[in-house]
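[1] Task: produce atomic coordinates for the following.
(2 chains)
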Amino acid sequence: MNTKKIIATFLMTVILLCFICLKKQNSGIKTELVFSNIEALAQDENIGDYICLGLGSLDCPQSFTKVALIRKF
Amino acid sequence: MYKFLSHSLVIYFLFIGLAGCNESKNNLFYNSFSTNISLLGKTLETDSIMLRYPFRIKHQDSLAIIMDLHNPEYFYHAFNYPQFRYLSSFGKRGQAPEEILSAENFRLTDGGMWGLDANKHQINNISMQGIYQTVNTNETQLDKEIIRALDFALYDDSCFVIPDYSGKYRFHIISKNGNIRSSHGKIPSQKNKMGDIALAQAWRSFIDYNPKNHTLAMATQLGEVLEIYNLKDSTHIVKIGPHGEPEYNESGGMAIPSGIMGFSDIQVTDKYIYTVFHGRSFKEISQQQQPMIDGGQYIYIFSLKGEPLYKYTLDHYIYGIDVNEKTGEIYAVDVNSNQPIVNFKLKH
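    Here you go, the predicted model:
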């Protein structure tokens, strides 16, 4: 009887751990997007009297990366 | 009698000439489209690959490729068409030989594809085998006088078209060894007559060329200007929309964008010119709250003579499009979504 209880508890623990792992993997995709957006906003290029911000499709002069905004000081 | 007739003829031709000038000035601008249509898109599932900033999408036969502008590993991602089942990723980001520093655009051919790397200043030819497995890439270094190539189109079997970056011309025909064969046109700015790099940067345009009708179309990234060159009869049409020509401030010889984000893609088919238009001011873009939206909500369709025909208002914000007139569909890419591929059914 005790053995059966132990096996049942063990199986339920394994199932619970699998569920937690799967949930973390799925939210990892969203988390990665959020972090990459923050990283992109932080990677501002400051050259001359203008600043290039974020990730986008504008060609930042001199640094030649693609940014979301180019702003004059 | 003779004097009367000759004077009448002179007055008559003067009148015709003046009327013609007025006509051509009026044709420079467009204010609206003949038909306005709302389009709902259908999102395709693409869980096998994570795209960071899908910028361009094109297909040839049963192969589709999406170019990701900001992917940390690979720029190009192959799918089967039209199901968009993921096949492979290629075009590794990096500085080593056969790696890519900055992919700008690509063109598919029967045997493979050509890809433009602006920061390496070269065009790469990747064979079809290379799309499925890594093989040697042929690299063509571009003429230094091009300065910087931000887009390209295939002109014929031996040449490319590349927009000019110096401000002196509008575009160049480049041979496949990378040398400038000929330079054409001028930036049609009404406000700035000085053709310099800052003007060329502000007038940076996305291009497409259809060799069947010899039509080269250029749409500005800033402002709202469409240009159509016929490379056979050398005609040039300029169409300026309600948001006007590109606006910018100059700093250290460089253009700092102001005004609005304009067009982000263009495709010339046998019948029409399809463009993606944004129309959002940079002020609005910089002040928007989270979640931030990036992309254009409109597809503008022009005739091959630049007449504004159809304006599609979408339920997605997109960057690149791939038009299939045979099936009446457009596949577009949406950078705001984890499922970026969207299908729209044309209604014209």
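[2] CA only for contacts and neighbour counts going forward, please
    Noted.
[3] remind me which residues of the stretch 151-300 of chain B are low pLDDT?
    Along the stretch 151-300 of chain B, no part satisfies pLDDT under 70.
[4] Could you give the average pLDDT over the longest strand along chain A?
    Ranked by residue count under DSSP state E, the longest strand found in chain A is strand A:50-59. Strand A:50-59 shows a mean pLDDT of 94.
[5] hey, which helix or strand in chain A has the poorest pLDDT?
    strand A:45-47 (a mean of 52; mean pLDDT, DSSP states H and E).
[6] sorry, back to before: so what are the sheet partners of the longest strand of chain A and their directions?
    If you go by DSSP bridges, strand A:50-59 pairs up with strand A:45-47 (antiparallel), strand A:66-72 (antiparallel).
[7] What residues of that strand count as buried?
    Under the neighbour-count criterion of 16 or more other C-alpha atoms under 10 Å in any protein chain shown, strand A:50-59 has A:50-59 buried.
[8] quick one: A:Thr3 is in a strand?
    No. Assignment of A:Thr3 by DSSP: H, G, I helix; E, B strand; the rest coil gives helix, placing it outside any strand.
[9] How many neighbouring residues does it have?
    8 (other C-alpha atoms under 10 Å in any protein chain shown).
[10] Can you give me the distance of it to chain B?
    Separation of A:Thr3 from chain B (C-alpha to the nearest C-alpha, to the nearest Å): 42 Å.
[11] And the pLDDT for that residue?
    You'll see A:Thr3 listed with a pLDDT of 87.
[12] So for stretch B:266-275, what gets flagged as buried?
    By 16+ other C-alpha under 10 Å, the buried positions in stretch B:266-275 come out as B:266-269, B:272-275.
[13] Which of those residues sits closest to B:Asn31?
    Nearest to B:Asn31 among the buried residues of stretch B:266-275: B:Thr275, at 16.0 Å, using C-alpha to C-alpha.
[14] so what's the closest one up against?
    When contacts are counted by C-alpha atoms under 8 Å, 6 or more residues apart in numbering or on different chains, B:Thr275 touches B:219, B:263-267, B:299-301.
[15] redo that, cut-off 7 Å
    B:263, B:265-267, B:299-301 (C-alpha atoms under 7 Å, 6 or more residues apart in numbering or on different chains).
[16] can you put the strands paired with strand A:50-59 in CSV and add mean neighbour count?
    Formatted as CSV, these follow (neighbours: other C-alpha atoms under 10 Å in any protein chain shown):
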stretch, mean neighbour count
strand A:45-47, 15
strand A:66-72, 20
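[17] quick revisit: put together a markdown table for the contacts of B:Thr275, with secondary structure and distance to chain A on each row.
    Output for the contacts of B:Thr275, formatted as a markdown table (DSSP: H, G, I helix; E, B strand; the rest coil; distance: C-alpha to the nearest C-alpha, whole Å):
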| residue | secondary structure | distance to chain A |
| --- | --- | --- |
| B:Phe263 | strand | 11 |
| B:Asp265 | strand | 11 |
| B:Ile266 | strand | 15 |
| B:Gln267 | strand | 18 |
| B:Ile299 | strand | 18 |
| B:Tyr300 | strand | 20 |
| B:Ile301 | strand | 22 |
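[18] will you turn those into CSV that also has distance to B:Asn210?
    Conversion of the contacts of B:Thr275 to CSV gives the following (distance: C-alpha to C-alpha, whole Å):
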residue, distance to B:Asn210
B:Phe263, 19
B:Asp265, 15
B:Ile266, 11
B:Gln267, 9
B:Ile299, 19
B:Tyr300, 18
B:Ile301, 15
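[19] Can you select the buried ones from these in ChimeraX?
    Entered in ChimeraX, the line below selects the buried ones among the contacts of B:Thr275, by 16+ other C-alpha under 10 Å:
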select /B:263,265,266,267,299,300,301
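[20] Now do the strands in the stretch 201-348 of chain B.
    Using DSSP state E, counting those that start in this stretch, the strands assigned to the stretch 201-348 of chain B run over residues B:205-210, B:215-220, B:225-230, B:236-240, B:247-251, B:254-258, B:260-268, B:272-281, B:296-303, B:308-318, B:321-324, B:329-333, B:341-345.
[21] Contact residues of chain B facing chain A?
    Within reach of chain A by C-alpha under 7 Å from any C-alpha of the partner chain, chain B has these residues: B:254, B:256-257.
[22] do that again at 8 Å, thanks
    B:52, B:70, B:102, B:119, B:251-252, B:254-257, B:282, B:286 (C-alpha under 8 Å from any C-alpha of the partner chain).
[23] Widest-spaced pair of the residues you listed?
    B:Arg52 and B:Gly252 (32.0 Å).
[24] For B:Asn343, give the beta-bridge partners.
    Beta-bridge partners for B:Asn343, by DSSP bridges, are B:Lys42, B:Tyr331.
[25] these two touch, right, it and B:Ile57?
    No. Look at B:Asn343 against B:Ile57 with C-alpha atoms under 8 Å: they stay out of range, at 11.7 Å.
[26] quick one, which of these two is more surrounded?
    Higher neighbour count among B:Asn343 and B:Ile57: B:Ile57, with 26 against 18, using other C-alpha under 10 Å.
[27] In what element of secondary structure is that one found?
    When elements are assigned from DSSP states H and E, B:Ile57 belongs to strand B:54-60.
[28] Tell me the helices and strands packed up against that strand.
    The elements that strand B:54-60 packs onto, with contact taken as 3 or more C-alpha pairs under 8 Å, 6 or more residues apart in numbering or on different chains; DSSP states H and E, are strand B:63-68, strand B:103-108, strand B:321-324, strand B:329-333.
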